[in-house]
Each structure stands twice: as structure tokens, then as C-alpha cells.
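Asks: 3D model of this:
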Amino acid sequence: MGEQTRRRRCSEDRTGRTRRRFLAATSVAFAVGLAGCQDTTDAGDPDTNDGASSLEPPSGTSEDGIDDPTALVDATREALSANDYDLEQELVNTVDGEETLRVTQRRRSSLEDERRRFVFDALSETNQVYVEGDTVYSRISSDGETTFGSGDARRNFAESHPPELLGGNESLGGILETGTYAPVETVSRNGRRLLRFDLESADESAVSGTVTEATGTVFVDADSVVYDASRDLTIEGSGETTTIEQSFVIHELGAVAVERPDWFEAARDSGN
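Replies: As a prediction, the model looks like this:
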């Protein structure tokens, strides 16, 4: 086997493992009754420095930076578990300029109304689910074919309302564990005061190669809830250049309306 071929296969193996982890997480979501949403949400006003005193570093952080990523993940999970929310996550990988993975997950859930929509959008497939009470409706598109289905949820709505795997590498936990973050400023966004942290240096222990470029930003409120987090990494290794772009955004937290998707009747009538 030639060296170039070997490197390409190694890259494909890494991409395959990442994709399988996402698909596994999505399978769990389908099984317990999540739901998908393609609605757009107003991003609101841009960040502004409100000129007020700086926000005191919340639990899990300090004047030096983010000290305890787990504490921030736990606080964010608790907030999402107790409220309606609109959450979006994205991961894009490229190898030598060629996109090898693009996954977007959007989850909009109303605890009060017991309605949830979820979309898992990848390069070759788009899986959507809508949950209403104890019934799950699905629309799965893959390889040019679309199928609809419906059935009973395996868990009650309150149990499946919190998002899964927030602490994982492909979610918020991976962004927070990227390296050393330092506090920069206090900003106002949609009426909330948030403390902004910027990535100062990346931890190379979790990557195969050398990190040549790294940026990251995390916005945290006074209760340690992360509303926005992102990271962009460029990694050189084994003769390849790999880039990772990842984001986690809570668009809404509080009262959120969840509408039936336009494919609801087709899924309901499928009887599967």
C-alpha cells in the first residue's frame, strides 16, 4: 500500500468514526422520541459592550478563564432541561481542502406543550422527527429516497426533553475542552449579560498532529449557562491538513412554540 493511499484511508477511518458517533447519537434520539426543526430563528441584536461593570465570573470560571468545563456543561444541561429551548449544533471537517463531514443538528422543544422537533442534516441524509405527547413522527431522507413513519415514544416527554451528549467531544464539551480560555469582556445580547471568553491556546493531547491555527469563543451568563460556543482548528499531521469547525448555539431559552411540520400528515397516515 502506498503512503498516500495509507494516509487517505486513515483520514477516512477517522471521519467514519466521527460520523458513526453522530449517527449513534441520532439513533438514540429517534428511539426515545425527539423531533426536528428547519425553522429559522432571529439571531437578535448583535453583541454590545453595555458599558456597565464587568460580569463576575460564574461558577466553573474565574478571572483567569474557564476552570471547570464540566460545571458549565452541567449548568447548561440543567437550564435546557427545565425550560423550552431552541438549540443548534454544527460540525464541519475538511481534509486537504476537501469536506469530509458536515453535520447540523437542530432541536426545538417545548416542555409545557409536549412538542419537539429535531433535524439531523448530513452530507448524504436528512432525518427529521416530530414528537407530540407520547407519539413520534419521522421523515427520513437518504440516497434520494424519503420514508415516513410514526409510533409510540419509548419514554415520556419530560424524560426525553433534555438534549443528549452535551459533554461529548462533538458537542459543547468538546468546544470547552479545546484548550485555555481567558475572559475578554462583558457583552449584552438579546437582553442578557454574558461574559465572553476567547481561546488563548489549544490542547494538542486530544488531536493527532500539531495545531497550527486555533480560535474559539464562549459566552456564559451569571448562572454558568453557555449560550454560544465555537471553535475553529487547523491541524497538521501525517502529511495532511485537517480543519475542524464546530458551534453550539442556544437561539431561545424560555417560552418556545413548536409547530407541526408540513410533513406531519404523511407521517401520521403512514401507520408505521
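
Asks: got the contact list for the residue nearest to L195 when sequence neighbours are not counted?
Replies: Residue nearest to L195 in three dimensions, not counting chain neighbours: L55, with 4.5 Å by C-beta to C-beta, 6 or more residues apart in numbering. For every residue, glycine as well, the C-beta is placed using N, CA and C. Applying C-beta atoms under 8 Å, 6 or more residues apart in numbering to L55 gives the contacts 186, 193-195, 221-222.

Asks: low-confidence ranges in this structure?
Replies: 1-52, 271-272 (pLDDT under 70).

Asks: For it, which segments count as helices?
Replies: Secondary structure of the chain (DSSP state H): helices located at 3-32, 69-82, 157-160, 172-176, 264-270.

Asks: Report all helices and strands that the fourth one contacts.
Replies: Contacts defined by 3 or more C-beta pairs under 8 Å, 6 or more residues apart in numbering; DSSP states H and E place helix 172-176 against helix 69-82, strand 210-220, strand 226-237, strand 240-254.

Asks: Can you add distance to E164 and mean neighbour count and give these back as a markdown table?
Replies: Formatted as a markdown table, the helices and strands packed on helix 172-176 follow (distance: least, C-beta to C-beta, whole Å; neighbours: other C-beta atoms under 10 Å):
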| stretch | distance to E164 | mean neighbour count |
| --- | --- | --- |
| helix 69-82 | 10 | 18 |
| strand 210-220 | 21 | 18 |
| strand 226-237 | 16 | 20 |
| strand 240-254 | 13 | 18 |
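
Asks: can you redo the contacts of L55 as a markdown table with neighbour count?
Replies: A markdown table is the format used below for the contacts of L55 (neighbours: other C-beta atoms under 10 Å):
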| residue | neighbour count |
| --- | --- |
| T186 | 17 |
| R193 | 15 |
| L194 | 22 |
| L195 | 21 |
| D221 | 19 |
| A222 | 14 |
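
Asks: What is the nearest of these to A79?
Replies: Of all the contacts of L55, A79 sits closest to D221, with 8.9 Å by C-beta to C-beta.

Asks: Can you give me the distance of that closest one to D262?
Replies: 35 Å (C-beta to C-beta, to the nearest Å).

Asks: give me every residue that touches the residue nearest to A255 when sequence neighbours are not counted.
Replies: Sequence neighbours aside, D84 is the residue nearest to A255 in space, at 5.8 Å (criterion: C-beta to C-beta, 6+ apart). Contact analysis of D84 by C-beta under 8 Å, 6+ apart lists 109-113, 252-256.

Asks: Quick one: buried ones out of those residues?
Replies: Buried members of these, scored by 16 or more other C-beta atoms under 10 Å, are 109-111, 252-253, 256.

Asks: ok, now how distant is the closest residue to A71 other than its chain neighbours from A222?
Replies: Distance criterion C-beta to C-beta, 6+ apart; nearest residue to A71, sequence neighbours excluded, is G60 at 3.2 Å. Using C-beta to C-beta, G60 is found at 12 Å from A222.
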